[in-house]
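A.B. asks: can't give you the sequence, but here's the structure:
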């Protein structure tokens, strides 16, 4: 007997039914035999009804199975194929490249953090926003207690802090941009200039770094000249003045895109261009040029210092949107800044930083051309 049939057998049904107590026999002999046999006849009728329902259910299942496919497809079983279920679309999985094909791709396409699919759109947005968020080139004329020399000393110190904490290259340029934009909108006392530089670095690190230095660390590097509360309060003030427009295009944000078009971003070009850009940070005169033009001029100068046959190829004109003729004034200003920087002896942080083997001794290479 099958399991289903066994379920509806007489012993099983007896177990499922509530206990039927046999009525007590009357003492008199008037009780009939039909009344005593009534429970047995009711149990037989129930068994016949259950067997009839099982037969009907089996016939119904066979008819549905023969007309519309398997039971799994009928119930929407996920294991059923799309061919067994009418109307289900077949999803094609994208073909994965082989190991050999993957290694043939350029390095920037293999790096998911480079967002190569959106590179052109991101670069176009940088060109669009760089005009709207530029600091004033003449803001120092409005500062009663400040001058360009004080700013250079502060930037040189911020470069040392940036190097000590091994922060991203974009963090340094964004910090200087925040500081210059604030000074373009507000005047500040001389004794609070370092506080502005610390706060600008703190804000930039929060946006660019995975694990930025804590507020207490920024108070420590000032030898506790400013407390944590002063840093936090002034940070809120700076953000309010800038209308919370923090992440804006800087020369560092254009650099990687230009280096990829120039030589693939390898070799000595990167540390050399970075060195030129950091020297430009020390001088307010660099603010007269757009960030993309400063970066393009730095890359062109690095090609010139390295002896490239063509300092500004056609690919760079297309990528940077600046021709070599357009870059001529900015390149001249950067050459002059490099000469002045190598002639002075007070601001030596950049000299020490870019005389190391890790940076291909870019400072020594530049010194041979500007001396």
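C.D. replies: On my side now, so go ahead. These numbers come from a predicted model, not from an experiment. Residues are numbered from 1 along each chain as shown.

A.B. asks: what stretches of the chain score poorly on pLDDT?
C.D. replies: Residue ranges of the chain with pLDDT under 70: 1-95, 102-116, 264-266.

A.B. asks: tell me where the chain has strands.
C.D. replies: Assigned strands in the chain: none (criterion: DSSP state E).

A.B. asks: any idea how it splits into domains?
C.D. replies: 137-241, 251-370 (automatic domain parsing).

A.B. asks: looking at those domains, which is closest to residue 129?
C.D. replies: Checking the domains of the chain against residue 129 by Cβ to Cβ gives domain 251-370 as the closest, at 9.7 Å. For the C-beta atoms, the positions are set from N, CA and C on the backbone; glycine is no exception.

A.B. asks: span of that closest one from start to end?
C.D. replies: 22 Å (Cα to Cα, to the nearest Å).

A.B. asks: shift numbering so it begins at 620
C.D. replies: Sounds good: first residue 620 from here, last item domain 870-989.

A.B. asks: out of the domains of the chain, nearest to residue 718?
C.D. replies: Nearest to residue 718 among these is domain 870-989 (22.1 Å), distances taken as Cβ to Cβ.

A.B. asks: okay, the domains of the chain in a markdown table with distance to residue 717 and mean neighbour count next?
C.D. replies: Listed next are the domains of the chain as a markdown table, based on distance: least, Cβ to Cβ, whole Å; neighbours: other Cβ atoms under 10 Å:
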| stretch | distance to residue 717 | mean neighbour count |
| --- | --- | --- |
| domain 756-860 | 33 | 17 |
| domain 870-989 | 24 | 19 |
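
A.B. asks: a markdown table please, covering those domains and showing distance to residue 749.
C.D. replies: Converted to a markdown table, the domains of the chain look like this (distance: least, Cβ to Cβ, whole Å):
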| stretch | distance to residue 749 |
| --- | --- |
| domain 756-860 | 10 |
| domain 870-989 | 5 |
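
A.B. asks: of these, which is nearest residue 742?
C.D. replies: Closest approach to residue 742 among the domains of the chain (Cβ to Cβ): domain 870-989, 5.2 Å.

A.B. asks: before we move on, the earlier item: so which of the domains of the chain is nearest residue 750?
C.D. replies: domain 870-989 (7.1 Å).

A.B. asks: check contacts around residue 961.
C.D. replies: 985-986, 989-990 (Cβ atoms under 8 Å, 6 or more residues apart in numbering).

A.B. asks: repeat the analysis, applying 7 Å as the threshold.
C.D. replies: Contacts of residue 961 were listed using Cβ atoms under 7 Å, 6 or more residues apart in numbering, and they are 986, 989-990.

A.B. asks: contact partners of stretch 770-778?
C.D. replies: With Cβ under 7 Å, 6+ apart as the test, stretch 770-778 has contacts from 791, 794-795, 812-813, 816, 820, 897, 900-901, 903, 966, 968-969.

A.B. asks: inside helices: which ones of these?
C.D. replies: Per DSSP state H, helices hold the following members of these: 791, 794-795, 812-813, 816, 820, 897, 900, 968-969.

A.B. asks: TSV please, covering those residues and showing distance to residue 960.
C.D. replies: Formatted as TSV, those follow (distance: Cβ to Cβ, whole Å):
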residue	distance to residue 960
791	16
794	20
795	16
812	21
813	22
816	19
820	21
897	10
900	11
968	11
969	7
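
A.B. asks: ok, so of those residues, who is nearest residue 962?
C.D. replies: Nearest to residue 962 among these, with distances taken as Cβ to Cβ, is residue 969, at 13.5 Å.

A.B. asks: run through the residues that contact that closest one.
C.D. replies: Contact partners of residue 969, counting by Cβ under 7 Å, 6+ apart, are 778, 894, 897-898, 982.

A.B. asks: need those residues in TSV (columns: distance to residue 910).
C.D. replies: Putting those into TSV (distance: Cβ to Cβ, whole Å) gives the following:
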residue	distance to residue 910
778	18
894	17
897	14
898	15
982	23
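
A.B. asks: which one of the ones in helices among the contacts of stretch 770-778 sits closest to residue 932?
C.D. replies: residue 897 (24.7 Å).

A.B. asks: so for the closest one, what's the nearest residue that isn't a sequence neighbour?
C.D. replies: In this structure, residue 897 finds its nearest non-sequential neighbour in residue 969, 5.7 Å apart by Cβ to Cβ, 6 or more residues apart in numbering.

A.B. asks: could you do residue 849 as well?
C.D. replies: Using Cβ to Cβ, 6+ apart and skipping residues adjacent in sequence, the residue nearest residue 849 is residue 814, 6.7 Å away.
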